[in-house]
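Visitor: kindly return the folded structure for what I paste below:
(chains A and B)
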Amino acid sequence: GNSVTQMEGPVTLSEEAFLTINCTYTATGYPSLFWYVQYPGEGLQLLLKATKADDKGSNKGFEATYRKETTSFHLEKGSVQVSDSAVYFCALSDRGSNFGNEKLTFGTGTRLTIIP
Amino acid sequence: NAGVTQTPKFRILKIGQSMTLQCTQDMNHNYMYWYRQDPGMGLKLIYYSVGAGITDKGEVPNGYNVSRSTTEDFPLRLELAAPSQTSVYFCASSYPLGWGTYNEQFFGPGTRLTVL
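Guide: Numbering: from 1, shown residues only, chains lettered A, B, ... in the order given. Okay, the predicted model is just below:
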């Protein structure tokens, strides 16, 4: 079946540091890949996505490239801010359903704390 | 738009009690989902629905029931609460673009449930 493996946290960085959160996946077919972010006390919200190999998703200074050859979708940001402190989830979609329903498989989440 | 709303925010149950977690969305989304998030784990899909009157089991449906009588509402029922159901529950909704394509899932703020 499908699975997502994420870098274990927690991750603590200083403001303006470079961020990488690793994500690798196992899937049949051609999944779409996502990064969701969960700020304290809130639900998850989509950060970025990529729907095919070599696509790059980007949003709010974050980027991730869909690498089919390495089955990876690592999240990066060049200069993090205190406001980026949150839990980040890598996820993939299952395109095999009869309804076309995109069920998501999530990684375990990585807690990121940015220190001023 | 309020998006996806969930009630209650917090609840403590005794073993064997029952309760209903409410979820409502005002985006006219066809698809709705219930997830649970255990500490240090990713989100697991409990049930989902592709439209009013249609529901299906996800990865971890045991101990739960759902119904979908309207497009807006997707309540989750716990009949005989057990400590293993202590978790944070998220409701989500999406509007599919079509088979094999994807549109993002919108999450509610979650319900934190403790069973003692």
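Visitor: quick one: name the residues of chain A near chain B.
Guide: Selection of chain A residues close to chain B by C-beta under 8 Å from any C-beta of the partner chain yields A:4, A:32, A:34, A:36, A:41-46, A:49, A:51, A:89, A:91, A:93, A:95, A:99-109. Every residue, glycine included, has its C-beta placed from N, CA and C.
Visitor: quick one: buried ones out of the residues you listed?
Guide: Neighbour-count burial (16 or more other C-beta atoms under 10 Å in any protein chain shown) applied to these gives A:4, A:32, A:34, A:36, A:43-44, A:46, A:49, A:51, A:89, A:91, A:93, A:95, A:100-109.
Visitor: which one is residue 17 nearest to, not counting chain neighbours?
Guide: As the question left the chain open, I've gone with chain A. The shortest distance from A:A17 to any non-neighbouring residue, by C-beta to C-beta, 6 or more residues apart in numbering or on different chains, is to A:V80 (5.7 Å).
Visitor: my bad, the chain I had in mind was chain B
Guide: Leaving aside its sequence neighbours, B:Q17 sits nearest to B:A81 (C-beta to C-beta, 6+ apart; 5.1 Å).
Visitor: which is the next helix or strand following the worst-scoring helix or strand of chain A on mean pLDDT?
Guide: When the helices and strands of chain A are scored by mean pLDDT, DSSP states H and E, strand A:103-106 comes last with a mean of 85. Tracing the chain C-terminally past strand A:103-106 and defining elements by DSSP states H and E, one meets strand A:110-115 next.
Visitor: from the contact counts, what lies against that next one?
Guide: Applying 3 or more C-beta pairs under 8 Å, 6 or more residues apart in numbering or on different chains; DSSP states H and E, we find strand A:110-115 packed against strand A:11-14, strand A:19-21, strand A:86-94.
Visitor: send me stretch A:106-115 as CSV with only the CA atoms.
Guide: Taking Å, rounded to 0.1, in the frame of the first residue of the first chain, the C-alpha atoms of stretch A:106-115 are listed here in CSV:
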residue,chain,number,x,y,z
PHE,A,106,-0.1,11.3,5.7
GLY,A,107,3.3,11.2,7.2
THR,A,108,3.7,11.4,11.0
GLY,A,109,4.4,15.2,10.9
THR,A,110,7.5,17.2,11.8
ARG,A,111,7.2,19.8,14.5
LEU,A,112,9.3,22.9,13.6
THR,A,113,10.2,25.6,16.2
ILE,A,114,12.0,28.8,15.1
ILE,A,115,13.9,30.7,17.8
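Visitor: now it, how far from the centre of its chain.
Guide: Distance, stretch centre to chain centre, for stretch A:106-115: 10 Å (C-alpha atoms, centre = their mean, to the nearest Å).
Visitor: neighbouring contacts of that stretch?
Guide: The contact list for stretch A:106-115 (C-beta atoms under 8 Å, 6 or more residues apart in numbering or on different chains) reads A:4-15, A:17, A:19, A:21, A:23, A:36, A:38, A:80-91, B:40-44.
Visitor: alright, that wraps it up for me.
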